[in-house]
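Visitor: Got a sequence here, can you build the structure:
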Amino acid sequence: MTVRRIWSAAALVLIVVAVVLAVDTAIAHFPSGLAVLACVILAACCAWLGISRRGPARIAGIAAAVLFLVGAVVLVVLEARVIEDAVVVLAVIAALAAAREAFKAHAHLPRAARPSKPVLFYNPKSGGGKAERFHLADEARKRGIEPVELERGQDLEELVRGAVAEGADALAMAGGDGSQAIVAMIAAELDLPYACIPAGTRNHFALDLGVDREDVVGALDAFVTGGERRVDLAEVNGRVFVNNVSLGLYAEAVQQPGYREAKLHTLLETVPDVVGPDAKPPDLLWDSPVGQQSAVAILVSNNAYRLGRALGSGTRPRLDQAVLGVTVLAPTRSGAGGIRPRLGMEQWITPTFEIASASSVAAGIDGEAMQLDPPLRFRIRPGALRVRIAPQHPGASPSALEPDKPWRGIGALLGLLLHGAPADQEAVR
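Guide: Below is the predicted model:
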C-alpha cells in the first residue's frame, strides 16, 4: 500500500469516527446541542455588530459575544460533554490533516537548461531578515548565481533592468510579493526564466507556485537542477501583480500609517468606516448582467482563490487557468431596493474586469498600499511567466488536487484508496 493510500484510509476512518461520535453525542444530549449552537451563532452576530461600530456600542457588542460564548461552554460542561466533544473535534482535525497529506501534489516538471548568468536580487530586511539569516548570498554564489542586494532607496526595477543589460539571462527574487511582481514582470517581458525565493513574510506566491516556503536556500536549486513551467500574470491599469488587488476594507486599512506596526488594531479601526452604520455608500461600481452594482470590498486575483473551504482555503489551486478571480463583499439588497444590515459574498472568474469610481481608489496590490485612478481595468496575461522550481519542491499548489466540495472529497479519498494515485494528473502540471 502506497503512502497516499495509507493517508486516504486514515482520513476516511477518522471521518467515520467523527460522524458516528457527533451523531451519538447529539442524540444523547438533545436538545442542549441546539442551545449551544444558538449561543455560538448569537456570539458571532454580536461580535460583528461590535467590530463594525466604535465606542460604547463596540464594547457592548463584544461583551455580549463573550457572554454567549461563555454560555455555550457552560452548557457543554453542565451536560458533561467535554470529553465527547473534544474527541469529535480532535477526530475532525486529524481527518483534515490526513486528507491534506493524501492530496499532496508533486508536479513532475521537465528539467530545464541551466542559465549561464542567473542573478538573484534580495532584500536583506524582508521576512525579518531571512536572507541574512540563511546566508542567501553565499549560498547563491556556491550555485553560480550572482547575488545583488537591494539597498534602501534603490529602485528595484532599475536594478533588474541594469543587470539584464549586463547579460543576466535568468532572474530570481528573494523578498516580499510586491518585489516578486516587479522581477516577474521584467522576466515575462523579456521571456527570461524566473525563480521565486521564499524570503518574504508570507510568501503567498511561492506557496501557490509549489515552492517549499520552509526551504529558502533549496529554492535556489531552481536554476541548477530545476524544472520549468509557465504561469499567468495579471495587471491593473498596466501594473503587474502576482497575487491580488484588494479594494475597500483591507485596502483602506493598508493605507493607514500605523498598519505595519499594528495590523489587527488598524483593521478593526477601519471596519466602522467601511461597513458601519455611518459608513459612506460604496463607491466601487461595475457593470453586471442585472445592471450596475456596488461593493464595500473587492478582491481581484491572478487566478481564483479557494475560500471558505476546510481544505486549501486561501490558496489558488492553479495559476495557469487564464482567468481573474473576483470576490465581492456587497450589501444585500431587499426587493424594494433598500439595504438590509448584512453583507453577502459572491465569487466568479473572468479574463477581464473593470471598476468605476468617482475618485481615486485605495488599493492593496500584493500587500502594498497604492492609489489608483479610475476606471480600474484588470486583465489576465495567460502563460506570461516562465517559472523555474527546484526538483525537491512540490511544483504545484497545496490545493491542486483537493476537491472543492466536501462530498467530492469523500469520493476522491475513496478513489485514492482504490487506485493509489489521483485520477486527474493534469491538475498538477
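
Visitor: The closest residue to residue 228 other than its chain neighbours: neighbouring residues, count only.
Guide: Spatially, and ignoring its direct neighbours in sequence, residue 228 is nearest to residue 112 (4.0 Å; C-beta to C-beta, 6 or more residues apart in numbering). Any C-beta I mention is one placed from the backbone N, CA and C, and that applies to glycine too. By other C-beta atoms under 10 Å, the residues close to residue 112 number 18.

Visitor: so what pLDDT did residue 112 get?
Guide: Predicted confidence (pLDDT) for residue 112: 95.

Visitor: How about the contacts made by it?
Guide: Residues in contact with residue 112, defined by C-beta atoms under 8 Å, 6 or more residues apart in numbering, are 193, 226, 227, 228, 388.

Visitor: For ChimeraX, write a command that selects the buried ones of those residues.
Guide: Isolation of the buried members of the contacts of residue 112 (16 or more other C-beta atoms under 10 Å) is achieved in ChimeraX through the command below:
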select :193,226,227,228,388
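
Visitor: can you tell me which two in the contacts of residue 112 are farthest apart?
Guide: 193 and 227 (10.7 Å; C-beta to C-beta).

Visitor: Between those two, which contacts overlap?
Guide: The contact lists of residue 193 and residue 227 share 112, 388, where a contact means C-beta under 8 Å, 6+ apart.

Visitor: Please give the number of neighbouring residues around residue 12.
Guide: Other residues close to residue 12 by other C-beta under 10 Å number 19.

Visitor: what are the phi and psi angles of it?
Guide: Phi and psi for residue 12, reported as degrees, to the nearest 10, are phi -60, psi -40.

Visitor: hang on, isn't it packed against residue 414?
Guide: Yes - with contact defined as C-beta atoms under 8 Å, residue 12 counts as touching residue 414 (7.0 Å).

Visitor: Tell me the pLDDT of the residue positioned nearest the centre of the chain.
Guide: Closest to where the C-alpha atoms of the chain average out (C-alpha atoms, centre = their mean) is residue 314, at 3.6 Å. Note on residue 314: pLDDT of 84.

Visitor: In contact with it, which residues?
Guide: So residue 314 contacts 305, 306, 307 (C-beta under 8 Å, 6+ apart).

Visitor: So which residues of the stretch 201-350 of the chain form helices?
Guide: Applying DSSP state H, counting those that start in this stretch to the stretch 201-350 of the chain gives helices spanning 204-209, 249-255, 263-275.

Visitor: rank those by mean pLDDT and give me the bottom one.
Guide: Across these, helix 263-275 gives the lowest mean pLDDT, at a mean of 49.

Visitor: Which helix or strand in this structure has the lowest average pLDDT?
Guide: Lowest on mean pLDDT, DSSP states H and E among the helices and strands of the chain sits helix 263-275, with a mean of 49.

Visitor: tell me the domain ranges of the protein?
Guide: As assigned by automatic domain parsing, the chain contains the domains 3-102, 118-231+384-402+417-424, 244-383.

Visitor: partner residues bridging residue 361?
Guide: residue 372 (DSSP bridges).

Visitor: give me the number of residues near it?
Guide: The burial count assigned to residue 361 is 23, neighbours taken as other C-beta under 10 Å.

Visitor: cool, and residue 63?
Guide: Residue 63: 12 surrounding residues under other C-beta under 10 Å.

Visitor: now residue 39
Guide: 20.

Visitor: again with residue 138
Guide: 10.

Visitor: Could you do the one 3 residues further on as well?
Guide: For residue 141, the tally of surrounding residues (other C-beta under 10 Å) stands at 13.

Visitor: now do residue 69
Guide: Using other C-beta under 10 Å, residue 69 has 17 neighbouring residues.

Visitor: And residue 59, by the same measure?
Guide: Neighbourhood size, residue 59 [other C-beta under 10 Å]: 12.

Visitor: same deal with residue 395?
Guide: With other C-beta under 10 Å as criterion, residue 395 counts 26.

Visitor: got it, and residue 162?
Guide: 12.

Visitor: Residue 357 now?
Guide: That count, for residue 357 with other C-beta under 10 Å as the rule, works out to 18.

Visitor: Compile the domains of the chain into a markdown table and extend it with columns for distance to residue 108.
Guide: Shown next, in a markdown table, are these (distance: least, C-beta to C-beta, whole Å):
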| stretch | distance to residue 108 |
| --- | --- |
| domain 3-102 | 15 |
| domain 118-231+384-402+417-424 | 8 |
| domain 244-383 | 15 |
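
Visitor: Where does pLDDT dip in the stretch 151-300 of the chain?
Guide: Residue ranges of the stretch 151-300 of the chain with pLDDT under 70: 249-282, 289-290.

Visitor: quick one: the strands in it?
Guide: 170-174, 193-197, 227-236, 239-241, 244-248, 284-288, 291-295, 297-302 (DSSP state E, counting those that start in this stretch).

Visitor: I'd like to know which of these is closest to residue 215.
Guide: strand 193-197 (10.0 Å).

Visitor: Now do the closest one and strand 170-174, the angle between them.
Guide: Strand 193-197 and strand 170-174 are oriented at 10 degrees to each other (axes from the mean of the first three to the mean of the last three C-alpha atoms, to 10 degrees).

Visitor: Now do the strands in the stretch 301-429 of the chain.
Guide: Counting by DSSP E, counting those that start in this stretch, the strands of the stretch 301-429 of the chain are 324-333, 339-350, 352-355, 361-365, 368-372, 376-389.

Visitor: want to try TSV for these, with mean pLDDT as columns?
Guide: Output for the strands of the stretch 301-429 of the chain, formatted as TSV (pLDDT from 0 to 100):
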stretch	mean pLDDT
strand 324-333	79
strand 339-350	72
strand 352-355	95
strand 361-365	88
strand 368-372	87
strand 376-389	97
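
Visitor: Near residue 163, how many other residues are there?
Guide: Residues lying near residue 163 (other C-beta under 10 Å) number 18.

Visitor: Could you do the one 10 residues further on as well?
Guide: Here the count is done by other C-beta under 10 Å, and residue 173 has 30 residues near it.

Visitor: Likewise for residue 11?
Guide: For residue 11, the neighbour count with other C-beta under 10 Å is 25.

Visitor: Tell me the secondary structure at it.
Guide: At residue 11 the chain is in helix, as set by DSSP: H, G, I helix; E, B strand; the rest coil.

Visitor: Need the three-state assignment for the nearest residue to it once chain neighbours are set aside.
Guide: Counting by C-beta to C-beta, 6+ apart, the nearest residue to residue 11 once its immediate chain neighbours are dropped is residue 98, at 3.8 Å. The local conformation at residue 98, judged by three-state DSSP, is helix.

Visitor: Tell me how far residue 98 lies from residue 398.
Guide: 14 Å (C-beta to C-beta, to the nearest Å).
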